[in-house]
Structures are given as structure tokens and as C-alpha cells.
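Chemist: Quick one, fold the following:
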Amino acid sequence: MTPAPISRRRALTLGGLGAVALVGGTTGWIATANTGTGTFQPGASGAELLQPPVLDSRDDRLSVELTAAAGVRLAGRHTSALGFNGGSPGPTLRVHPGDELAVRLTNRLQQPTNLHTHGLRVSPQGNSDNPFVRIDPGASFDYLYRIPADHPPGTHWYHPHHHGMVADQLYGGLVGALIVDRGPDVPASTDRILLITDITLDDAGAVVPASATDRTMGREGRLLLVNGQHQPTLTAAPGSTERWRIVNACTSRVLALRLEGRQIDQVAQDGSFLNRPTRRDTLVMAPGNRADILVQPTDTGRFALVAGPYDRGSMMGGSSGSSGSSGTTMLATLVVSGASRPAVALPAVLPSEAPTVAPVTRTRQTDFRMGMGGGMGGGGMTVSIDGRTFDPARDDQTVAFGSTEEWTVTNTSPLAHPFHMHVWPFTVLAASDGRATTGTPQDVVLIPPRGWVRLRIPFTTLPGRSVYHCHILDHEDAGMMATVVVA
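Modeler: Next up, the predicted model:
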């Protein structure tokens, strides 16, 4: 099926962003925010966790309309934060391998936007997962994503990706889950989305703009939410098996998750099954990461899901000064009650992808950098990749289609940076901090301060032109992004 024609009324700029506002500008919706110092008080805490509405494909196709606009309910109160179709998160899009996903995105913001299907292995060209699309205020655009028939099942998400405005729009609430489903694959009596966001709101429910320091460090909101709710409750029976599809949709925050009093079994990362369930006390997720876990409560009681402290580093040589980094924050409570049921056994092995066996045809190095300059919204800090800030018209890496490459990504700065590549997932071979590797594909990996990661990337499925970048989105907006051409 060919894409629907793009009318002049919905004319956009494809393949060239031109001049865009830098982060820290007071353009669009953020300029109208009340920047008073009042503290936002959640209107409701502890309510039962709600699932976003699910839009499921039928007859090999899912056609949806998404509208990005201000005015959503968060933490039990009406706010002027952003959402899709009046909600944050937006609807969960559920597709199957071989489907077509048609999305008409209408922009009711006061600044340009677009859409990135984070994790989908689909074409980055034309009206598919093209980061160079620009949708102006009041305009609409018709996306068409063709899901390959051999696309692995997994948990992904969608969010804006118009360069220079990504952090503000995602932080404002423009996020939603996207699931590729091919039927039952792990034993679970309940399957839940837990989409975690953070935001700072004033007492009137307006988004508080990030300061220059926040943009340098990567902003962390004072309010942590799960599916837009404040400290919700999940109820389960003893012996049940819960599948939690967790999405770290925070702009900069690394989540160090614990279910107090219990261990958790991770079965997937970034939409790819692990080889076998892996038991963890703490699950560390960089911004953009997804993790599927199985929770099997055996005893009645209340168990807190918390985000513990994680030190991302500091430009001043100490620990991170970002809000929320230094303490433990309650996210949700698992309440186990009722009659017990026989617990099912976890699978000994999982339907993971076969590892890439093609020989490496080329090695590359790329370098994430921060330094003193005049960028980052006047904060005196510049960010770059290989010493250059992002230019959408420049080709930074050219890769032969069909090749498998080994990349060493270094980080010369004293802050951790999450590396994310669109379209082409990678496996982590090694890292400077000696972490254990899984051997399974992922699309976000945290590079330690003044450290490195070594990746194997098969460019064997799709040609096209896309980007890789830091998933601290304030850094990406300021220029820590580069292009990659696979041809």
C-alpha cells in the first residue's frame, strides 16, 4: 500500500529542519507558563493504577489519529501540561508483525513537532520514522509505518523528536506506549504498562520551565508519575504472575527501581527478550530504556515500588545536583491480598533473538563531549559529538547497507550520557565500568562519565538516513546528536 498523499494544507518540511530554536528559548507554550514558586499539590494519590486506552490493529492495520495539545489531567488535577488526545500518556498503540501503522498527527501546540516511534525497526525515510519531518502549528501529517513480518515482539514508545524542542515537549507530557505483539510469550495473568515520567508543575498546574543549570545537567522533575498518576496502587492475588512493561519516559532521569521486600525477574530490555529470566534486586534504566519484568507475589501485604538514588555525575566534580537524584522516591504500591492461587513456573529460556554472527566489516569511534563555550541556553556549556554540534544537512557517518560494524562510543565528560540509535539496535560487547552484558539487542545504553561502551551494530535490515544522540534530551536539543546514512 502506498502512503496517503500529503496535501498542501498539510505541507511540511521533509529532510531539512532549517533554523530551530535552541533549548532555553521562551517560544511556544512554555512562554505562557506561570513561573511562580508555588508547589504543585497532587489532587489524588494512591488510586488504582489505570491503563491508557489501547488501540489495537485489525486485519493487519492500525489507523489512528493523534492530536498533540496542552491541557491534560495529571496526578488527579487539571493542568496545562501536554498530551496526545487529551491524555498523558497518550493511547497505547498495539500492532503485530507484518502490520501497517497509519498515524495522522495533528499539531495543536504553538511550536513545530513530529513523532518518533522509539524502538520500532522500521524505515527512517519518507513518512515513516523520519526524524527530519517538521509539522508546524495547526498542521497535520500522515505517517505510515510498515512493521516487518519478522519484527520481534516487544515494548516500545512514541514521543516528539523535532530537534530543539524535544525535551520541552516530552517533559511536558507528550509520550505514549507502543507494543508489538505476536501472542502469548510469557506466562502472565496480568499485563500492565507502567510508563514513568517526571515533571515540575507550579501551584496553578503549569509546567515550570527548566533553568540553564537544569538544561546543562539534564532536567529532573520534582513530580514522578506512573501513567500520569501519583503513587498509584496495583492490586494482585498471591500466586499471580504480573507482567510489567516499564518505560523510562523521563527527559534525563536514570531510574534505579526496587520493589521493596521482593526481587524481580527481568525478561526483556528495550523490546528484546533476554535469553532467560534474570533476577534483580535493583533495575537500572536510562532515559528511553524499557524493561519487561515478571512479578510473582507469594505473600499478602504492601510492597513499595521505589526509584532510588543514582549518581549521573557532575560538571563540578561532585555528585549530581539535579533534583530527585539524591533521595528515594515512591512510585507505586503493590497490594497483595485475597485467596492464594498456585504460582506458575517461570520459563527456563525465553524466545530471544539469535545473536548476530556476521563478521564485523568496520570499526568506528565516536565521542560525546561537553565543554565550556556559550551554549546550553546561556549556561556557558557546549555539547557535541566528535566536536561538532548537530547539523541536519550534514552526513556524519556513512555505513554500507548489509554490513555489521563495531562502534566504540566514548564519553569525555564528567556526566553519564545515554547513547541511543534510531532504527538499528545494537548489542553491548563491553563497557569501561565492567558491567555484565546480556548479548541481546537494545537501543539505549548508558555511557559512564569519562568512560566508554563497545557495541556491535548490524546495519542489515533497512537502509536510510537517521540519527544517534544522547537521550538526555536537553543535551540532544543543544546539539549532542549526529546523522547516520545507511546505503
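Chemist: Which strands or helices does the helix or strand containing residue 465 pack on?
Modeler: With elements taken from DSSP states H and E, the one containing residue 465 is strand 464-470. Helices and strands touching strand 464-470, by 3 or more C-beta pairs under 8 Å, 6 or more residues apart in numbering; DSSP states H and E, are strand 417-421, helix 473-478, strand 481-486. In short, each C-beta sits where N, CA and C put it, glycine included.
Chemist: Point out the most buried one among those.
Modeler: helix 473-478 (a mean of 29; mean count of other C-beta atoms under 10 Å).
Chemist: I'd like to know which elements it is packed against.
Modeler: Helix 473-478 makes packing contacts with helix 166-171, helix 212-217, strand 381-385, strand 464-470 when contacts are defined by 3+ C-beta pairs under 8 Å, 6+ apart.
Chemist: and the helix or strand following the shortest one, which strands flank it?
Modeler: Next helix or strand after strand 381-385 toward the C-terminus (DSSP H and E): strand 397-399. Strands flanking strand 397-399 in the sheet, each with its direction: strand 481-486 (parallel) (DSSP bridges).
Chemist: Residue 331: neighbour count?
Modeler: As a burial measure, residue 331 scores 23 neighbours (other C-beta atoms under 10 Å).
Chemist: and it, helix, strand or coil?
Modeler: What DSSP: H, G, I helix; E, B strand; the rest coil gives for residue 331 is strand.
Chemist: If you drop the residues flanking it in sequence, what lies closest to it?
Modeler: Spatially, and ignoring its direct neighbours in sequence, residue 331 is nearest to residue 305 (4.7 Å; C-beta to C-beta, 6 or more residues apart in numbering).
Chemist: quick check, distance from the longest strand anywhere in the chain to the centre of its chain.
Modeler: In the chain, taking DSSP state E as the definition, the longest strand is strand 61-74. Computed by C-alpha atoms, centre = their mean, to the nearest Å, the separation of strand 61-74 from the middle of its chain amounts to 17 Å.
Chemist: cool, stretch 417-427 as well?
Modeler: 11 Å.
Chemist: Which strand or helix spans the residue nearest to residue 331?
Modeler: strand 301-308.
Chemist: That strand - contacts with which helices or strands?
Modeler: With 3+ C-beta pairs under 8 Å, 6+ apart as the test, strand 301-308 has strand 255-259, strand 329-336 packed against it.
Chemist: Generate a markdown table for these, with mean pLDDT and distance to residue 480 as supplementary columns.
Modeler: Below are these laid out as a markdown table (pLDDT from 0 to 100; distance: least, C-beta to C-beta, whole Å):
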| stretch | mean pLDDT | distance to residue 480 |
| --- | --- | --- |
| strand 255-259 | 97 | 21 |
| strand 329-336 | 96 | 27 |
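Chemist: if we can go back for a sec, check the helices and strands packed on helix 473-478 for me and report the most buried one.
Modeler: Note that of these, helix 166-171 is the most buried (mean count of other C-beta under 10 Å), with a mean of 27.
Chemist: From the contact counts, what lies against that one?
Modeler: strand 154-159, helix 473-478.
Chemist: Include mean pLDDT and distance to residue 450 when you put the ones you listed into JSON lines, please.
Modeler: JSON lines is the format used below for the helices and strands packed on helix 166-171 (pLDDT from 0 to 100; distance: least, C-beta to C-beta, whole Å):
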{"stretch": "strand 154-159", "mean pLDDT": "98", "distance to residue 450": "29"}
{"stretch": "helix 473-478", "mean pLDDT": "97", "distance to residue 450": "16"}
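Chemist: ok, the helix or strand in which residue 364 is found: who's next to it in the sheet?
Modeler: Per DSSP H and E, residue 364 falls inside strand 362-372. Strand pairing for strand 362-372, determined by DSSP bridges: strand 381-385 (antiparallel), strand 404-411 (parallel).
Chemist: roughly how far out does the last one sit from the chain middle?
Modeler: Okay, so that is strand 404-411. 21 Å.
Chemist: just the angle between it and strand 464-470, please?
Modeler: Per axes from the mean of the first three to the mean of the last three C-alpha atoms, to 10 degrees, the angle that strand 404-411 makes with strand 464-470 is 30 degrees.
Chemist: What lies in contact with strand 404-411?
Modeler: 356, 358-368, 399, 417, 419, 426, 429, 447-460 (C-beta atoms under 8 Å, 6 or more residues apart in numbering).
Chemist: I'd like the average pLDDT over that strand.
Modeler: In this model, strand 404-411 has a mean pLDDT of 98.
Chemist: thinking again about what came up before, may I see the buried residues of the strand holding residue 305?
Modeler: Within strand 301-308, the residues scored as buried using 16 or more other C-beta atoms under 10 Å are 303, 304, 305, 306, 307.
Chemist: any idea how far the first one lies from residue 311?
Modeler: With distances taken as C-beta to C-beta, to the nearest Å, residue 303 is found 26 Å from residue 311.
Chemist: returning to what we had before: is it possible to get the helices and strands packed on helix 473-478 out as TSV so that each row also shows distance to residue 57 and mean pLDDT?
Modeler: Formatted as TSV, the helices and strands packed on helix 473-478 follow (distance: least, C-beta to C-beta, whole Å; pLDDT from 0 to 100):
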stretch	distance to residue 57	mean pLDDT
helix 166-171	25	98
helix 212-217	38	92
strand 381-385	36	91
strand 464-470	23	98
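Chemist: Could I get these in JSON lines, plus columns for distance to residue 157?
Modeler: Output for the helices and strands packed on helix 473-478, formatted as JSON lines (distance: least, C-beta to C-beta, whole Å):
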{"stretch": "helix 166-171", "distance to residue 157": "10"}
{"stretch": "helix 212-217", "distance to residue 157": "23"}
{"stretch": "strand 381-385", "distance to residue 157": "24"}
{"stretch": "strand 464-470", "distance to residue 157": "16"}
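Chemist: What count of nearby residues applies to the closest residue to residue 333 other than its chain neighbours?
Modeler: Excluding the flanking residues, the one nearest residue 333 by C-beta to C-beta, 6+ apart is residue 233, at 5.1 Å. Residues near residue 233, counting by other C-beta under 10 Å, number 15.
Chemist: again, but for residue 434
Modeler: Neighbour tally, residue 434, other C-beta under 10 Å: 7.
Chemist: Include distance to residue 141 when you put the helices and strands packed on helix 166-171 into CSV, please.
Modeler: Converted to CSV, those look like this (distance: least, C-beta to C-beta, whole Å):
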stretch, distance to residue 141
strand 154-159, 14
helix 473-478, 21
